[in-house]
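Enquirer: okay, predicted coordinates and the sequence, questions at the end:
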Amino acid sequence: MANFEEQFEDLENRLSDGFATGLKKAIKQPKPVSPAADEFIIGLAQKKLRRPSRFRIIRWAVPAASAAAAILLVAILNNQPKQALQPALVKETRVAGFAREDIDRNGQVNILDAMKLAKGLKQEQKINKEWDINNDGQVDGKDVDVVAYSAVRLDKGVM
Amino acid sequence: MKPFLTLITMFAMFFGPAPAEVPQADVNLEESVRFMPLDVFIDSSSNELAAYQFELKTVAGKVKIVGVEGGDSDAFKEPGYYDPAALANDRIIIGAFNTGDDLPLGKTRVARIHLQVIGETEPAFEISLAVAADKNENQIKAEISFVKGEQK
């Protein structure tokens, strides 16, 4: 069997002139791409493939770090033992060394404090503004309830 | 961006608020459970009883307080004040007062406490009267006692 090159040797001579010209036209070289188009395409590709710039990292780092700090702060506040918040509350609820609920100022909060407050309200005595235990601007039955519930709280310890 | 999201997620996981604890029933299914009322009486003798406060605590057996009722007299018909945390607990402080004139004398039932008794151990209780007073808020001498009701 003749080899590949021998088969097509002098092919041009064996074809008609018209067919050879037509064939040449059909397989003519494509137009070269202009250097400007080349640069434009390469530029686009580089933009797509380029690693994030330092500026872009910084742009995301600031809000991300702020968010992390905020979460950390909230988490720390949430995990604080509740007792740590109590001193402020105790300070608020004491007047002249007595608990605000200690209506009769005998050093103990018990059901008699609630009774004294209730009787004061019932008899429409001059109301002491310090008896507004729940700080709602009024001295009424709700304050009596607050005092009574303070008296029977289990966390007061063994009586 | 991904590393930062991971960082934030890790912060939230490690330092975020702990999930609320799901209350676990500490009742062993093999233990028997029964219910028992406990009536509390105060004897103020010849004084009118206008206010009282007492503490009841379990000293033997496994008990949970499940409810509180008032007493027999009109003055203390409504349940007294108590800490809601006492329910499902084995200790309670109850206090009540009445500013009216229709007050009980002598021995009167002031409260009925409903209990859930778990297990076979017979429960035992200690009760102490913190304060009893007349209508002028003067403390009076009084005796406190309780009676266990029928167990069901």
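Expert: Received the coordinates, thanks. Numbering: from 1, shown residues only, chains lettered A, B, ... in the order given.
Enquirer: would you map the helices across chain A?
Expert: Secondary structure of chain A (DSSP state H): helices at A:4-8, A:11-14, A:17-26, A:35-49, A:54-79, A:86-92, A:111-122, A:141-151.
Enquirer: possible to save those helices as JSON lines with distance to chain B and mean pLDDT?
Expert: All C-beta atoms are positioned from the backbone trio N, CA, C, and that covers glycine. Putting these into JSON lines (distance: least, CB to the nearest CB, whole Å; pLDDT from 0 to 100) gives the following:
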{"stretch": "helix A:4-8", "distance to chain B": "56", "mean pLDDT": "62"}
{"stretch": "helix A:11-14", "distance to chain B": "61", "mean pLDDT": "64"}
{"stretch": "helix A:17-26", "distance to chain B": "53", "mean pLDDT": "77"}
{"stretch": "helix A:35-49", "distance to chain B": "17", "mean pLDDT": "85"}
{"stretch": "helix A:54-79", "distance to chain B": "3", "mean pLDDT": "73"}
{"stretch": "helix A:86-92", "distance to chain B": "17", "mean pLDDT": "38"}
{"stretch": "helix A:111-122", "distance to chain B": "3", "mean pLDDT": "94"}
{"stretch": "helix A:141-151", "distance to chain B": "4", "mean pLDDT": "95"}
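Enquirer: pick the most buried one from the ones you listed.
Expert: helix A:111-122 (a mean of 22; mean count of other CB atoms under 10 Å in any protein chain shown).
Enquirer: and that helix with helix A:141-151, angle?
Expert: Counting by axes from the mean of the first three to the mean of the last three CA atoms, to 10 degrees, helix A:111-122 points 170 degrees away from the direction of helix A:141-151.
Enquirer: pipe the helices of chain A into JSON lines and attach distance to residue A:135 per row.
Expert: JSON lines is the format used below for the helices of chain A (distance: least, CB to CB, whole Å):
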{"stretch": "helix A:4-8", "distance to residue A:135": "104"}
{"stretch": "helix A:11-14", "distance to residue A:135": "108"}
{"stretch": "helix A:17-26", "distance to residue A:135": "97"}
{"stretch": "helix A:35-49", "distance to residue A:135": "63"}
{"stretch": "helix A:54-79", "distance to residue A:135": "24"}
{"stretch": "helix A:86-92", "distance to residue A:135": "9"}
{"stretch": "helix A:111-122", "distance to residue A:135": "15"}
{"stretch": "helix A:141-151", "distance to residue A:135": "9"}
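Enquirer: how close does the residue nearest the centre of chain B get to chain A?
Expert: In chain B, the centroid-proximal residue (CA atoms, centre = their mean) is residue B:92; its distance is 3.2 Å. Distance, residue B:92 to chain A, by CB to the nearest CB, to the nearest Å: 8 Å.
Enquirer: do you know how far residue B:98 is from chain A?
Expert: 8 Å.
Enquirer: tell me how many other residues surround that residue.
Expert: Using other CB atoms under 10 Å in any protein chain shown, residue B:98 has 22 other residues around it.
Enquirer: what's near enough to touch it?
Expert: Counting by CB atoms under 8 Å, 6 or more residues apart in numbering or on different chains, residue B:98 touches B:50-51, B:75-76.
Enquirer: nearest to chain A among these?
Expert: Of all those, residue B:51 has the smallest distance to chain A: 4.9 Å, by CB to the nearest CB.
Enquirer: you'd agree that closest one is up against residue B:132?
Expert: Yes: between residue B:51 and residue B:132 there is a contact under CB atoms under 8 Å: 6.9 Å.
Enquirer: convert the C-alpha atoms of stretch B:122-133 to PDB, please.
Expert: What follows is stretch B:122-133, C-alpha atoms only, in PDB (Å, rounded to 0.1, in the frame of the first residue of the first chain):
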ATOM      1  CA  GLU B 122     -43.900   7.900 103.900                       C
ATOM      2  CA  PRO B 123     -43.400  11.700 103.600                       C
ATOM      3  CA  ALA B 124     -42.700  13.800 106.700                       C
ATOM      4  CA  PHE B 125     -42.900  17.500 107.000                       C
ATOM      5  CA  GLU B 126     -41.800  20.400 109.200                       C
ATOM      6  CA  ILE B 127     -44.000  23.400 109.600                       C
ATOM      7  CA  SER B 128     -43.200  26.700 111.200                       C
ATOM      8  CA  LEU B 129     -45.300  29.800 111.800                       C
ATOM      9  CA  ALA B 130     -43.300  32.900 110.900                       C
ATOM     10  CA  VAL B 131     -45.900  35.400 111.900                       C
ATOM     11  CA  ALA B 132     -49.600  35.600 113.000                       C
ATOM     12  CA  ALA B 133     -51.200  39.000 113.600                       C
END
